[in-house]
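J.: Pasted the sequence and its predicted model underneath.
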Amino acid sequence: MLQLSLPIHQHDDASLANFYGNNNLLLLNSLRQNFSQLKQPFFYVWGTQGCGKTHLLKALANEFFAQNRTALYVPLNKSAYFSPAVLDNLEQQELVCLDDIQCVVGKTEWELALFDLFNRIRETNHTLLLISADQSPNTLSVQLPDLASRLRWGEIYQLHGLDDQQKVIALQQNAHSRGIELPDETANFLLKRLDRDMHTLFAALAQLDKASLQAQRKLTIPFVKETLKL
């Protein structure tokens, strides 16, 4: 198998500041309580595609990076490009974010590696482990019973996505952080014409930001139609 090194530092704009967390305040508050003093090392968040799981995990990693603390974000949906050995020694990190665990459950080597990681983290009590999946730990098809039990060791949260009004606010906040204005009518147009998951919407906004800067034009509906070929 081709072995690719994982980037330790994720260079992106995901942050807790631009994560619209009003629907998940209990989760965010509990996570923050463990930033300075680790009392609960295990968190499991789950939800449908586009509800913000990846954004949250990357935002947490970036939060630790900003504080000069060690962290690692592992996209398990790309596990075909690396082996379970990527989990070795992760108990030395202060934060570990494992995204899309459903992509590796059912695979013996991965399940054993995850099981061992849980045990090492519990022994060292040094690492905050955040796992995401597209379903609750009770419905994952985990083959190793001991791993199934460990996935339920900590706090479990369903990540709630945004309604349309909240998506408009999140888009406008993201636009503001980029130094551009996104009018209500343009934001609502994007919701009507694009897939409604936030990954797609934020990607479209990034494309519009670049195009508007080059063309020196505002984000009007005609400009959006022209740029995104809608």
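T.: Perfect, I can see it now. Residues are numbered from 1 along each chain as shown.
J.: where's L31 relative to K39, distance?
T.: Taking CB to CB, to the nearest Å as the measure, L31 falls 11 Å from K39. From N, CA and C alone the C-beta is placed, and that goes for glycine too.
J.: Please give the number of neighbouring residues around N89.
T.: Neighbourhood size, N89 [other CB atoms under 10 Å]: 10.
J.: Please apply the same query to T108.
T.: That count, for T108 with other CB under 10 Å as the rule, works out to 10.
J.: what sits against it?
T.: The neighbours of T108, taking CB atoms under 8 Å, 6 or more residues apart in numbering as the test, are 143-144.
J.: more neighbours, L31 and K39?
T.: Higher neighbour count among L31 and K39: L31, with 23 against 8, using other CB under 10 Å.
J.: Which helix or strand contains the residue minimising distance to the centre of the chain?
T.: Nearest residue to the geometric centre of the chain (CA atoms, centre = their mean): T54, 1.7 Å. Per DSSP states H and E, T54 falls inside helix 53-66.
J.: same question for that helix, mean pLDDT?
T.: Mean pLDDT, helix 53-66: 91.
J.: so what secondary structure elements neighbour that helix?
T.: In this structure, helix 53-66 packs against strand 42-46, strand 71-75, strand 95-99, strand 128-133, helix 198-215, with contacts taken as 3 or more CB pairs under 8 Å, 6 or more residues apart in numbering; DSSP states H and E.
J.: Could you pull out the buried residues of that helix?
T.: Buried residues in helix 53-66, counted by 16 or more other CB atoms under 10 Å: 53-65.
J.: I'd assumed D197 was in contact with the residue nearest to the centre of the chain.
T.: No - applying CB atoms under 8 Å, one finds T54 not in contact with D197, separated by 10.5 Å.
J.: Quick check: can you list the domain ranges of the chain?
T.: Domains of the chain are assigned by the TED database as 16-158, 164-228.
J.: What is the end-to-end distance of the first one?
T.: Read that as domain 16-158. 18 Å (CA to CA, to the nearest Å).
J.: can you give me how far it is from the chain middle?
T.: How far domain 16-158 lies from its chain's middle: 10 Å, per CA atoms, centre = their mean, to the nearest Å.
J.: about what we covered before: could the buried residues of helix 53-66 be laid out in CSV, adding distance to E185?
T.: Converted to CSV, the buried residues of helix 53-66 look like this (distance: CB to CB, whole Å):
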residue, distance to E185
K53, 30
T54, 29
H55, 25
L56, 29
L57, 33
K58, 30
A59, 29
L60, 34
A61, 35
N62, 32
E63, 34
F64, 38
F65, 37
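J.: Which of the residues you listed sits closest to D184?
T.: Within those, the smallest distance to D184 is 22.7 Å, found for H55 (CB to CB).
J.: right, and that closest one touches A14 too?
T.: Yes - look at H55 against A14 with CB under 8 Å: they come within range, at 5.1 Å.
J.: so can I have CSV of the helices and strands packed on helix 53-66 showing mean neighbour count and mean pLDDT?
T.: Formatted as CSV, the helices and strands packed on helix 53-66 follow (neighbours: other CB atoms under 10 Å; pLDDT from 0 to 100):
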stretch, mean neighbour count, mean pLDDT
strand 42-46, 21, 97
strand 71-75, 23, 95
strand 95-99, 24, 96
strand 128-133, 24, 97
helix 198-215, 16, 92
